[in-house]
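Asker: I would like to see how this sequence folds:
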Amino acid sequence: MPAPFLDGVPVQRAPEGTGYAVVDVETTGLTNRDRIVEVAVVHTDAHGEVTGEWHTLVNPRRDLGRQDLHGVRAADAREAPLFAEIAGEVAARMQGRIPVAHNINFDHRLLSGEFARLGVAIPHLPAMGVCTMTWAPHFLPGRGRSLAACREFFGILADRPHEALSDALDTAGVLRAYLAAGEPPWHALPAEWPHLPHENTPVRLRNTVRESTVEVSLHPGDTIVLTGAFPEGKDHWSDLARAAGLRVAGHVAKNTAAVIAADPDTMSGKAETARRHGVPVTGAHVLTEAALEGLQDPAAQPVLQGPPQGPARGGDGLGGLLELL
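Answerer: Modelled structure (predicted):
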């Protein structure tokens, strides 16, 4: 298979002994507007042996998207550093090394977007680095290109798929297997990254903050608002709520009884608006069939879920429509 990125351009090779920087990001979604919620950088030597690692959650200041895929909890992300606070650390850890990623185009697009928001340009990683996904057909003929397919082929045990550090370490394992096969067929170069401050960089890891719970009383005729990416889909929960006599609205207003979130600690616009005005934000557990059973009878006692959190619900002072997400 011909090496990518050549196209008639004179070939340059990295100095002998140059190490690699394997990067992986978890994100709120797949578009250019999405944000990074976790990043990991793993260092290897020229043979692909791991020599160092670093990772942190990132506060995207928005809803976390498909949490059922990446598993990042809003309780943790809320306490995590902003990308602006870790940008210098990321750049320093990538500096002078050959960049590596599994689907390097995706990681580059999200990283360059985050740096661009800070007014900083970064090297074009796909042109300089190694994409273990692109090279999979060369080393795994007839197999898939996914990281899972590479893990299976090379006998790499998946520790925690879709966690940035775990995926970066697994990608480093794939790189090591490629390098063990002989002279690398790619022509990659170490990247020159911008020099940014990176002393005392804050770090936040997964599952270090207790999730919040909120007490909610729901009655037939109450209005609720749904927010976040529910694994079952919003329609599933809307149907349950309406069947129990609740109203489902698309925005937070003065008559909103509660915001029901895929993650009660979500930073979505709807949830943040609700919190500012004392409207409770809670999880979808209050919409389960068992929880809603008593709502069919107006005389039934309301369902209470968990200890209270935050200010009491505001009422007449809220006024009309507050905010659309």
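Asker: for the stretch 201-325 of the chain, what spans make up the strands?
Answerer: 223-227, 247-249, 252-253, 256-261, 281-283, 321-323 (DSSP state E, counting those that start in this stretch).
Asker: next one: the stretch 51-200 of the chain
Answerer: Using DSSP E, counting those that start in this stretch, the strands of the stretch 51-200 of the chain run over 98-101, 130-131.
Asker: about what we covered before: with distance to V90 and mean pLDDT as extra columns, can I get the strands of the stretch 201-325 of the chain in JSON lines?
Answerer: C-beta: built from backbone N, CA, C; applies to glycine. Below are these laid out as JSON lines (distance: least, CB to CB, whole Å; pLDDT from 0 to 100):
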{"stretch": "strand 223-227", "distance to V90": "30", "mean pLDDT": "95"}
{"stretch": "strand 247-249", "distance to V90": "40", "mean pLDDT": "93"}
{"stretch": "strand 252-253", "distance to V90": "35", "mean pLDDT": "92"}
{"stretch": "strand 256-261", "distance to V90": "30", "mean pLDDT": "93"}
{"stretch": "strand 281-283", "distance to V90": "32", "mean pLDDT": "90"}
{"stretch": "strand 321-323", "distance to V90": "32", "mean pLDDT": "37"}
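Asker: Kindly reformat those strands as TSV and extend each row with mean neighbour count and distance to E16.
Answerer: Output for the strands of the stretch 201-325 of the chain, formatted as TSV (neighbours: other CB atoms under 10 Å; distance: least, CB to CB, whole Å):
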stretch	mean neighbour count	distance to E16
strand 223-227	21	53
strand 247-249	16	63
strand 252-253	24	60
strand 256-261	24	53
strand 281-283	23	55
strand 321-323	15	57
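Asker: Pipe those strands into JSON lines and attach distance to E293 per row.
Answerer: Output for the strands of the stretch 201-325 of the chain, formatted as JSON lines (distance: least, CB to CB, whole Å):
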{"stretch": "strand 223-227", "distance to E293": "17"}
{"stretch": "strand 247-249", "distance to E293": "18"}
{"stretch": "strand 252-253", "distance to E293": "26"}
{"stretch": "strand 256-261", "distance to E293": "17"}
{"stretch": "strand 281-283", "distance to E293": "17"}
{"stretch": "strand 321-323", "distance to E293": "31"}
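Asker: quick revisit: and the strands of the stretch 51-200 of the chain: which comes nearest V279?
Answerer: Among these, strand 98-101 comes nearest to V279, with 41.1 Å by CB to CB.
Asker: which helices and strands does that closest one pack with?
Answerer: Strand 98-101 is packed against strand 20-27, helix 125-128, strand 130-131, helix 164-180, with contacts defined by 3 or more CB pairs under 8 Å, 6 or more residues apart in numbering; DSSP states H and E.
Asker: which one of those has the most crowded surroundings?
Answerer: For those, average neighbour numbers computed from mean count of other CB atoms under 10 Å are highest in strand 20-27, which has a mean of 27.
Asker: Between helix 164-180 and that strand, find me the angle.
Answerer: If you take axes from the mean of the first three to the mean of the last three CA atoms, to 10 degrees, strand 20-27 sits at 140 degrees to helix 164-180.
Asker: by how many degrees do the helix or strand just after strand 20-27 and helix 164-180 diverge?
Answerer: Going down the chain from strand 20-27, the next helix or strand is strand 36-44, by DSSP states H and E. Counting by the same axes, to 10 degrees, strand 36-44 lies at 30 degrees to helix 164-180.
Asker: by contact count, what packs against strand 36-44?
Answerer: Partner elements for strand 36-44 (3+ CB pairs under 8 Å, 6+ apart): strand 20-27, strand 50-57, helix 83-94, helix 104-116, helix 164-180.
Asker: The third one - what's its average pLDDT?
Answerer: Per-residue pLDDT values over helix 83-94 give a mean of 98.
Asker: With stretch 128-140 instead?
Answerer: 97.
Asker: Check what contacts it and list those residues.
Answerer: 1, 4, 20, 98-105, 143-147, 149-150, 153, 171, 174-175, 177-178, 181, 184-186, 188-191 (CB atoms under 8 Å, 6 or more residues apart in numbering).
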